[in-house]
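1. This is the structure alone, sequence omitted:
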């Protein structure tokens, strides 16, 4: 029966530690941005750098590639 009291004490103290860590991180703003991590994985880092530096040149490049494919298929 003594071990039961020890385990209850350990579990309650561990839960209190996790609660304190959660509250501290919530006040620091750790959980404010929910949207961008889910969307960030959809974009490749190279494409984002090209879009920022070249504007919409990736669209022109894709259209040119499609035209070449169409010319070869004819």
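-> Sure, I can see it. Being a predicted model, the structure only gives us computed values, none of them experimental.
2. and the gap between residue 15 and residue 6?
-> According to Cβ to Cβ, to the nearest Å, residue 15 stands 15 Å off from residue 6. Placement of C-beta: from N, CA and C, glycine included.
3. Can you give me the pLDDT of residue 58?
-> What the model reports as pLDDT for residue 58 is 51.
4. Likewise for residue 73?
-> Here, the pLDDT recorded for residue 73 equals 51.
5. Same check on residue 22?
-> Per-residue pLDDT puts residue 22 at 95.
6. Tell me, how many residues neighbour residue 1?
-> 4 (other Cβ atoms under 10 Å).
7. cool, the one 10 residues further on as well?
-> Around residue 11 sit 10 other residues, with neighbours defined as other Cβ under 10 Å.
8. And the next helix or strand past the one helix or strand it maps to?
-> Assessed by DSSP states H and E, residue 11 sits inside helix 2-28. Moving toward the C-terminus from helix 2-28, the next helix or strand (DSSP H and E) is helix 36-40.
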